[in-house]
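> A structural model of the following input is requested.
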Amino acid sequence: MIRKQLNRFLTQVERPARYVGGEVGSIVKDKAEVSLRFAFCFPDTYEIGMSHLGMKILYGLLNSDTRIWCERVFIPWVDMQEKMRDNNIPLYGLESFDPLTEFDIIGFSLQYELSYNNILNMLDLGGVPFRCENRKGLKNLIIAGGPCTCNPEPLADFVDAFFLGESEENLPRFCELYMEAKNKGWSKEDFLIKASHIPGVYVPALYDVSYKEDGQIESVLPLQGAPMPVPKAIVTDLDKSYFPNQFIVPFIDIVHDRAIIEVMRGCIRACRFCQAGYIYRPLREKSAGVLNVNAKELCQNTGYDEVSLSSLSTSDYSQLEPLLDHMLEWSVEERINLSLPSLRVDNFTEELVEKIKKVRKSGLTFAPEAGTQRLRDVINKNVREEEIMRTCKMAFENGYTSVKLYFMLGLPTETMEDVEGILQTAQRIVDLYYSLPTKPKGKGVNVGVSVATFVPKPFTPFEFEPQDSMETVIEKQSYLAKTVRSKKISLSWHNVNTSILEAVFARGDRRLGRVMEAAYAKGCFLDSWDEHFRYTLWMESMAECGLDPAFYAGRRRAYGEILPWDHLDYYVNKPFLIQENQLAHTGQVSPNCREKCLGCGAAKYAGGGGVCFEKR
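This next block holds a predicted model:
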């Protein structure tokens, strides 16, 4: 029925292929023969969601069970939403075209805080009540996973169960229990109580949160025997974990339109601002042989001519050069491009650049993060300027003419001298290029400088730090813009308003659910898209709910304060984060996990002992 209705107006919306399904690799089942229907909802557009590796893995994993049919759901663009509302068409699954209300479990992937109101928008389009208490039975049970679940509290009013950590093992267990509950007629409450004892499953309704007069948390108390704290789930052996040999191949270009293989999870580095580096601990690697097979199968089954080696720090993968040797045996002949998106300047070698330039000759991207050595020591980047220059020299001598550098504004203890150092570093790289006798004739250099605003995140040593005020960040951005002296340097930065709201939700508590509803009623969604972000409306909604954004984003947290996420266990303990925060303020660096175990707490979960700090 929905499919026929769509035919009336699909030619009138932008990129209609977003909404029609039927791509090569998509999975269609007979709904009469399955026991559980799962809507995998990505709260962003088709092009963003279809690029996400986690969605590809879980889509294949769930559909490998003949009893489960997992379908994809993305947020429609505003022109499509208007047509759907005008024609009374609810949000639907791309495989069956059935409305969202027809699904047993509705799962959301939480990748970015500014996508939160997209969840309300998608539920609204699908005719599903927002709040947990208004969904009485097991039908339309809402779950969520992804990195933002390390502080899920702002969404606690809307999500029945959160999946902390990695879901390849506990999501199938959850679905198995759901099918049992469905067959036996359990109540929603009884099911959720039992589900809360699956490792990594957090049911917010089973925890009572009270607040002090000043707005800080007084206590968090578990109910009905719920675990305290709630541990995240991890996959201990990546070689044996599920990985698809087929991706859905879209009809249109998506953001990352290529084959992707995950070389490792976790990171040996201890950059104090980086949430991913802490919440994905301990480090686990996939063997080069398995990765080579994964890559070759994906290229053969999808027709992709590019493979991206995905991780938080690909050049830290201990088998990188053997892996490239294996892959070059077939990728060069088949003209498959190899992409290494996460490289560090301190372990970029001649051997590595020699291998990657055989199949990849675009620009290189590095992340010094700070403009001075003092501030790089504060954030524990463990990169020295001579290493940055050595790496750029090596790249230029091998024919590269473009380098992109990522920095942050507003890092703890930052001064204007540190800000000035950003462009000084870029200018020294420009000067280096023109000083080389081996530089390509007739070709100029381009140094791209991208500057983000620092956002303090949970489970990092900087979770206690305040974010710079809007006025301070704008002052620093203006200073950078005035300081650029070379046309060889291109400067860009992020909207400071979005970074402030990101910090509010990153460190927020359950009271923000009311703010989300108020802002959505004013039209706030698609907030990660600049043309749809309405900062003023968000601030109005905060004020109407009696909350101050500075309380969440701009306030230093005392070490002894109960933080909204303290009852969740991501294997990195609070005393370690306090210690690293103190070291940051004295400018002391900590070694990486292969040099010395810092005692963060993750080693005991390494599944065999020591993989997160073992010397390779």
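> so what are the domain limits for the protein?
2-231, 259-511+547-604 (automatic domain parsing).
> can you give me the pLDDT of Phe348?
Phe348 carries a pLDDT value of 74.
> apologies, that question was intended for His256.
So His256 comes in at 89 (pLDDT).
> give me phi/psi at it?
phi -120, psi 80 (degrees, to the nearest 10).
> before we move on, back to that, reformat the domains of the chain as CSV; add mean neighbour count and distance to Ile252.
Bear in mind the C-beta positions are built from the backbone N, C-alpha and C, glycine included. As requested, those are exported to CSV (neighbours: other Cβ atoms under 10 Å; distance: least, Cβ to Cβ, whole Å):
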stretch, mean neighbour count, distance to Ile252
domain 2-231, 19, 5
domain 259-511+547-604, 19, 15
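> what's the following helix or strand after the helix or strand bottoming out on mean pLDDT in the chain?
Within the chain, confidence by mean pLDDT, DSSP states H and E is lowest for helix 350-356 among all helices and strands, at a mean of 73. Proceeding N to C from helix 350-356, the next assigned helix or strand is strand 364-369, under DSSP states H and E.
> could you list every helix and strand in contact with the helix or strand just after that following strand?
Once strand 364-369 ends, the next helix or strand along the chain (criterion: DSSP H and E) is helix 373-378. In this structure, helix 373-378 packs against helix 416-435, with contacts taken as 3 or more Cβ pairs under 8 Å, 6 or more residues apart in numbering; DSSP states H and E.
> average pLDDT across the helix it packs on?
95.
> ok, Tyr116 to Leu91 distance?
17 Å (Cβ to Cβ, to the nearest Å).
> sorry, that was for Pro437
In terms of Cβ to Cβ, Pro437 sits 61 Å off from Leu91.
> now swap in Leu436 and tell me
On the measure of Cβ to Cβ, Leu436 and Leu91 end up 55 Å apart.
> if we can go back for a sec, tabulate the domains of the chain (TSV), appending distance to Ala518.
Below are the domains of the chain laid out as TSV (distance: least, Cβ to Cβ, whole Å):
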stretch	distance to Ala518
domain 2-231	10
domain 259-511+547-604	10
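> for Leu343, which non-adjacent residue is closest in space?
Counting by Cβ to Cβ, 6 or more residues apart in numbering, Leu343 lies nearest to Ser315, which is 4.6 Å off, once chain neighbours are set aside.
> which secondary structure state does the one you found sit in?
helix (DSSP: H, G, I helix; E, B strand; the rest coil).
> please apply the same query to Leu405.
Recorded secondary structure, Leu405: strand (three-state DSSP).
> and Ser450, what helix or strand is that in?
strand 446-453.
> show me what the helix or strand following that strand packs onto, helices and strands only.
Scanning forward in sequence from strand 446-453 by DSSP H and E, the next helix or strand is helix 470-483. Helices and strands touching helix 470-483, by 3+ Cβ pairs under 8 Å, 6+ apart, are strand 402-409, helix 416-435, strand 446-453, strand 489-493, helix 496-506.
> between helix 470-483 and helix 416-435, how many degrees?
30 degrees (axes from the mean of the first three to the mean of the last three Cα atoms, to 10 degrees).
> rewinding a little: and the strand holding Ser450, average pLDDT?
Strand 446-453 shows an average pLDDT of 95 in the prediction.
> how far off centre is that strand?
With Cα atoms, centre = their mean, to the nearest Å as the basis, strand 446-453 stands 20 Å off its chain's centre.
> verify the stated contact: Ile562 with Gln216.
Yes. The pair Ile562 / Gln216 is scored as a contact, 7.1 Å apart, by Cβ atoms under 8 Å.
> pLDDT weak spots in the protein?
Along the chain, segments meeting pLDDT under 70 span 356-363, 605-616.
> in it, which residue is closest to the centre?
By Cα atoms, centre = their mean, the mean C-alpha position of the chain lies nearest to Gln111, the distance being 4.2 Å.
> where does it sit: helix, strand or coil?
Once three-state DSSP is applied, Gln111 turns out coil.
> got the contact list for the residue nearest to it when sequence neighbours are not counted?
Nearest residue to Gln111 in three dimensions, chain neighbours excluded: Gly146, at 5.3 Å (Cβ to Cβ, 6+ apart). By Cβ atoms under 8 Å, 6 or more residues apart in numbering, the residues touching Gly146 are 54, 108-111.
> swap in Arg428?
Contacts of Arg428 by Cβ under 8 Å, 6+ apart are 385, 389.
> state the next helix or strand along the chain beyond the strand or helix carrying Ser308.
Using DSSP H and E, Ser308 sits within strand 306-310. Using DSSP H and E, the helix or strand that follows strand 306-310 in sequence is helix 320-331.
> from the contact counts, what lies against that next one?
helix 288-302, strand 306-310, strand 337-339, helix 350-356.
> circling back to that earlier point, strands paired with the strand holding Ser450, and their directions?
In the sheet, strand 446-453 lines up against strand 402-409 (parallel), strand 489-493 (parallel) (DSSP bridges).
> tell me which two of the contacts of Gly146 sit farthest apart.
Gly54 and Phe108 (11.9 Å; Cβ to Cβ).
> thought Asn573 was touching Cys600?
Yes. Shown here, Asn573 and Cys600 form a contact pair, counting by Cβ under 8 Å, at 6.8 Å.
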